[in-house]
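Asks: Sharing a model prediction with you, sequence too.
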Amino acid sequence: MKPLVAIVGRPNVGKSTLFNRLTGGRIAIVEDTPGVTRDRLYRDAEWENRIFTVIDTGGIETGKNDKMIERIKIQAQIAIEEADVILFVIDGRTGITVEDQEISLMLRKTKKNVILVVNKIEDYSDPTTMYEFYSLGLGEPNYISAAHGMNTGDLLDNVVEKLPKNDEEIIDPDIIMLAVAGRPNVGKSSLVNTILGKERVIVSDVAGTTRDAIDTKFMRNSQEYVIIDTAGMRRRGKIYDNTERYSVIRSLRAIDRSDVVLLVMDAKDGITEQDKKVIGYAHEQGKGCILVINKWDLIEKDDKTLHNFEKKVRKELLFLQYAPIIFVSAVTKQRTDKILEIVDYVAEQQSNRVSTSALNQVITEATQLNPPPSDKGKRLKILYTTQVGIKPPTFILFVNEPEIMHFSYKRYLENKIRDSFGFEGTPIRLVARKKSE
């Protein structure tokens, strides 16, 4: 599970600039998938061979009528509850404000690692102007300029030093790890209770690696599962009740630990921006994805309602055409008995391996039907393809010029692979690599 680093602070101190500065290095490696929402609260960063998730709490809106200090306090509180390292950013030009002092008071009481980041410092000629920041009682300040990248390397060294040691969970590969994610009040708890209720043997409630999370292990038809507690299904807090976007952050950890993610949505609300963020993250992390439309019993229906709803969902989630959609009611139990059948199927698809000869035959036929793109007189040649991984299924395409491989042609090849081999419910990754002469 990747550690979480949260950025907190007043508006306009440079949180988003710092967020982009810290995570920008990985954009070329983990490219944004077309169709995934651009308004990002989170992105992975890498430094000194450590990968961690950075969260910009400034992107989380609380009630519009809340006073600014209340908004910042809520952001700080979520960081205290969820993050491994907290970056408290203040504006070095304006100096310490009342809001800064109140937040530092909160942060001093936590046992979490807090790093004081004094931003917008480009001139170091008069060190006496920097002494005031020690008065916040958060240790030695890190003076940086996020906009110009000054001293951000030192800051990252400091962050990595404070990250928890790599402590990977050892999980039986035969157990299906299941995350149930979604906004508050969409019926996650009812759905979990329904899944666990009928003809299931609950093996145990075991403490998860996430603080306060309870993982429920159970068995069905000799298949073992673990449901990971997301967004405090068993724990309510004032912060989360009224601030639904916070549950995104809770969901990240559960998704990291899962094999398959059930994204639960309210049929009355349809797809929201928060739904896109959560399922977009699951897609990027290579997890199996199933869309569960709950409260279907409350919708007035005719013979076209289901088809039209599914069409709308597909249009909203262009990057997720492979995910099964199931319409259920946790209250009336309508179709809920089908959920684990789909989970089993998606888990099987995630681990599917195809023979190299069959794979190359499909790619050859695809390139004959629709020739690869060319650029400046050079045509892309796909020389050889092989599967190198599962969960998610990953394929290396050995080519003459990787940079000519456009994402639209990659998507075309992905669709051809899916047409031939399935892979329903799981992302697949195609990596173009230069074939050495």
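Replies: Looks like it came in fine.
Asks: From here on, just use CA atoms for contacts and neighbour counts.
Replies: OK.
Asks: Low-confidence stretches in the protein?
Replies: By pLDDT under 70, the low-scoring segments of the chain are 25-40, 58-69, 71-72, 75, 167-171, 198-214, 229-250, 436-437.
Asks: can you tell me which residues contact Asp91?
Replies: 13-14, 118-120 (C-alpha atoms under 8 Å, 6 or more residues apart in numbering).
Asks: one more time with 7 Å, if that's ok
Replies: Contacts of Asp91 were listed using C-alpha atoms under 7 Å, 6 or more residues apart in numbering, and they are 13, 118-120.
Asks: Provide the partner residues of it in its beta bridges.
Replies: In this structure, Asp91 bridges to Asn119 when assessed by DSSP bridges.
Asks: Quick check: the farthest pair among the contacts of Asp91?
Replies: Across these, the longest distance by C-alpha to C-alpha is 9.0 Å; it joins Val13 and Val118.
Asks: These two: which is more packed in?
Replies: Val118 (25 against 20; other C-alpha atoms under 10 Å).
Asks: The more buried one touches Ser145, doesn't it?
Replies: No - in this structure, Val118 is not within contact of Ser145 by C-alpha atoms under 7 Å, at 8.2 Å.
Asks: follow-up on the earlier one: can you put the contacts of Asp91 in JSON lines and add distance to Ala358?
Replies: Converted to JSON lines, the contacts of Asp91 look like this (distance: C-alpha to C-alpha, whole Å):
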{"residue": "Val13", "distance to Ala358": "55"}
{"residue": "Val118", "distance to Ala358": "57"}
{"residue": "Asn119", "distance to Ala358": "55"}
{"residue": "Lys120", "distance to Ala358": "57"}
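Asks: Against Phe319, how distant is the residue positioned nearest the centre of the chain?
Replies: For the chain, Tyr281 is the residue whose C-alpha lies nearest the centre (C-alpha atoms, centre = their mean; 2.8 Å). In this view, Tyr281 and Phe319 are 11 Å apart by C-alpha to C-alpha, to the nearest Å.
Asks: Val292: how many residues sit nearby?
Replies: Applying other C-alpha under 10 Å, we find 27 residues neighbouring Val292.
Asks: pretty sure it is in a strand, no?
Replies: Yes - residue state for Val292 (DSSP: H, G, I helix; E, B strand; the rest coil) corresponds to a strand.
Asks: now the strands for the stretch 51-200 of the chain?
Replies: Remark: strands assigned in the stretch 51-200 of the chain by DSSP state E, counting those that start in this stretch are 85-91, 113-119, 142-143, 176-181.
Asks: Present those as TSV; the columns should include distance to Ala254.
Replies: Listed next are the strands of the stretch 51-200 of the chain as TSV, based on distance: least, C-alpha to C-alpha, whole Å:
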stretch	distance to Ala254
strand 85-91	18
strand 113-119	22
strand 142-143	31
strand 176-181	6
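Asks: Among the contacts of Asp91, which one sits closest to Glu414?
Replies: Using C-alpha to C-alpha, the contacts of Asp91 come closest to Glu414 at Val13, 42.6 Å.
Asks: right, and that closest one touches Ile90 too?
Replies: Yes - proximity of Val13 to Ile90 meets the contact threshold set by C-alpha under 7 Å, at 5.7 Å.
Asks: residue boundaries of the helices in the stretch 301-437 of the chain?
Replies: In the stretch 301-437 of the chain, the helices defined using DSSP state H, counting those that start in this stretch lie at 305-316, 339-350, 356-369, 407-421.
Asks: okay if I get the ones you listed as a markdown table plus mean neighbour count and distance to Ala267?
Replies: A markdown table is the format used below for the helices of the stretch 301-437 of the chain (neighbours: other C-alpha atoms under 10 Å; distance: least, C-alpha to C-alpha, whole Å):
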| stretch | mean neighbour count | distance to Ala267 |
| --- | --- | --- |
| helix 305-316 | 14 | 9 |
| helix 339-350 | 19 | 16 |
| helix 356-369 | 14 | 38 |
| helix 407-421 | 15 | 28 |
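Asks: Of the ones you listed, give the one that comes closest to Leu22.
Replies: Between the helices of the stretch 301-437 of the chain, helix 407-421 lies closest to Leu22; by C-alpha to C-alpha that is 25.5 Å.
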